[in-house]
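Participant: Pasting a predicted model and its sequence here:
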Amino acid sequence: MWEPAGAAPELDEFRTTLRAFALERLAPDYRRWQNEPFPRERLLELGELGVFGMLTGSELGGSLGQGGGYVPLGIAAEELSRGDFNVSYFLQLQAIGCRLLELSDAPDVRDRWVPAIVRGEALASFALTEPATGSDAAAITTRARRDGDDWLITGEKASITFAGNSDVCAVFARTSDDGARGISLFCVPLDLPGVSRQPVRSSTGHLTQRGSLFFDEVRVPADHLVGTEGAAFKSAMATFDFNRAIIALACVGAAQQSLDETMEYVRTRETFGQSLARREGVSFQIAEHLAHVHAARLLAYQTLSHADAGRRHATEAAMAKLLGPKHAGEAIHACVILHGWSGFGDDLPFAQRLNDVYGLEVGDGTPEIMKAVIAREAIGVISHR
């Protein structure tokens, strides 16, 4: 198993603890949350494991610089996804939410929400995407206008993870017409008057509560503007870079667990007097997928190592996001087939893992967007005209 150069023994213990939690606590209920809401008690359990505070300073309850960081967050995503792939959404959104809200100087924002998110007591969401603006995030139309000591926010956000059950949202809204430089970030408690929600049924069921958020003249105090007015777009783009590697590792975790289970199966399953593992048509498939999944793992951890060192990592992050879901999906698909008809059944987790992994080929940018990022970084500015 890969570990960063000079990794502390604590990382091994961390990985072992999370894998045990994933397989013993999360895996038995993997399918359950397709039809039932994910219980808040589980968030408190995850908070006790420390997985929500990896990118948050100790003064706010996190572990950044004290065992936390981007690489440990990647380990958490990979290991927890072995038990329940969709739990990785909590890691992603809480890390992003804390990272953004920490930019605030207002105690009512930073001190109220960040420690609660780290402990698993509050659930954060992140609202950038709109119905007509997906990858073209600079074109958002949600507006925030100043009204005395407050801001009034109006608009619709779409495809928002945890739209149906989050407590607070980092909302990107336009405060001027100056393109990307006219976008600002606001902390919006979602119990305020004028906020409404519309969860949509998706393949990840009740756990992610993906859907739309509507803001109708929602009044937030002036100090709920996070950071500098008009400077939020750069924050959003920087956030996407590391999270693409986290997505890749979540996919890798689900794929590796599927391969591990399939290797055990083919060792014991006999046809025509010998185990499936002795047939090259089976064992060579598994060997190829093991190589591809491990390559995606290495690329994702290289990305996170760059992030921990403060180095640029946009290209590597896009590469990891391009290859992680792709190779993971192909590996899990092979596991489905190698199990025969039972691989498609509800008694085994492979079909759901396949569906969930392919869903994150879209999240944080489609494969084509990842290729555009890679080409732009390697070749130069790409014109779409």
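Facilitator: Noted; the coordinates are in hand.

Participant: where does the residue of the chain most remote from its centre fall, phi/psi-wise?
Facilitator: Farthest-out residue of the chain from its mean C-alpha position, per Cα atoms, centre = their mean: G273, at 44.8 Å. Phi and psi for G273, reported as degrees, to the nearest 10, are phi 80, psi 10.

Participant: pLDDT value on it, please?
Facilitator: With respect to pLDDT, G273 scores 82.

Participant: how about the strands of the stretch 151-300 of the chain, start to end?
Facilitator: Under the criterion DSSP state E, counting those that start in this stretch, strands of the stretch 151-300 of the chain are mapped to 168-174, 183-189, 195-199, 211-221, 225-226, 270-271, 274-275.

Participant: out of those, nearest to G83?
Facilitator: Closest to G83 of those, according to Cβ to Cβ: strand 195-199, at 23.9 Å. C-beta coordinates here come from the backbone N, C-alpha and C atoms, glycine included.

Participant: now what about that closest one, what contacts it?
Facilitator: Strand 195-199 has contacts (Cβ atoms under 8 Å, 6 or more residues apart in numbering) with 163-164, 188, 190, 209-216, 218.

Participant: which residues of this structure score low on pLDDT?
Facilitator: For the chain, applying pLDDT under 70 flags the ranges 1-8, 134, 203-205, 239, 381-385.

Participant: and with 50 instead?
Facilitator: 384-385 (pLDDT under 50).

Participant: remind me, longest helix of it?
Facilitator: If you go by DSSP state H, the chain has its longest helix at helix 232-268.

Participant: what's the angle from that one to strand 183-189?
Facilitator: 70 degrees (axes from the mean of the first three to the mean of the last three Cα atoms, to 10 degrees).

Participant: how about helix 232-268: buried residues?
Facilitator: Within helix 232-268, the residues that count as buried by 16 or more other Cβ atoms under 10 Å are 232-233, 235-236, 239-259, 262-263, 265-266.

Participant: And for stretch 168-186?
Facilitator: 168-175, 180-186.

Participant: gap between the two ends of it?
Facilitator: End-to-end distance of stretch 168-186 (Cα to Cα, to the nearest Å): 10 Å.

Participant: repeat for stretch 305-319
Facilitator: 15 Å.

Participant: mind checking the SS state of the residue nearest to the spatial centre of the chain?
Facilitator: Residue closest to the average C-alpha location in the chain (Cα atoms, centre = their mean): Q92, at 3.5 Å. Following DSSP: H, G, I helix; E, B strand; the rest coil, Q92 is assigned to helix.
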